[in-house]
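In: My questions are about this predicted structure, shown below with the sequence.
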Amino acid sequence: MAEQGTSLTTTDHDTIRRWAEERGGHPAAVRGTGGGEDPGIIRIDFPGFGGEEKLEKIGWEEFFDKFESNNLAFVYQEKTKDGQRSNFNKLISRE
């Protein structure tokens, strides 16, 4: 088990989806960055964090297709340093 406030990294789709959904998050794309079948820049969006105007909801399949085609990894925290549930996450290159 990781220490509170410690960042973890995964490429496991089930872990990413579980983590996001436990926090009310869903897959999203940044509006205006994609085209055609390409969703563009992907993110995990959380209700109430102001992403409504900049992000549009996409499905998990579309999210993970882009995740894999861009060879990304998911960095996240389970808990903050003070023990609260953390929403910290970012997508990084696997390289």
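Out: Ah, there it is.

In: ok, the residue nearest the centre of the chain - contacts?
Out: In the chain, the residue lying closest to the centroid (Cα atoms, centre = their mean) is Ile44, at 3.5 Å. Counting by Cβ atoms under 8 Å, 6 or more residues apart in numbering, Ile44 touches 20, 25-28, 89. Glycine gets a C-beta too; all of them are placed from N, C-alpha and C.

In: cutoff 6 Å now
Out: 20, 25, 89 (Cβ atoms under 6 Å, 6 or more residues apart in numbering).

In: out of those residues, which is most surrounded?
Out: Ala20 (21 neighbours; other Cβ atoms under 10 Å).

In: Please work out how many residues are found near Leu55.
Out: 20.

In: ok, it - contacts?
Out: 28, 45.

In: Need the pLDDT of it.
Out: Looking at Leu55, its pLDDT reads 92.

In: how close does it sit to Thr9?
Out: Applying Cβ to Cβ, to the nearest Å, the value for Leu55 to Thr9 is 23 Å.

In: And the lowest mean pLDDT element among the helices and strands of this protein?
Out: strand 55-57 (a mean of 92; mean pLDDT, DSSP states H and E).

In: Quick check: neighbours of that one in the sheet, parallel or antiparallel?
Out: Strands that pair with strand 55-57, judged by DSSP bridges, come out as strand 26-30 (antiparallel).

In: what's in contact with the partner strand?
Out: 39-43, 45, 55-58, 60, 63.
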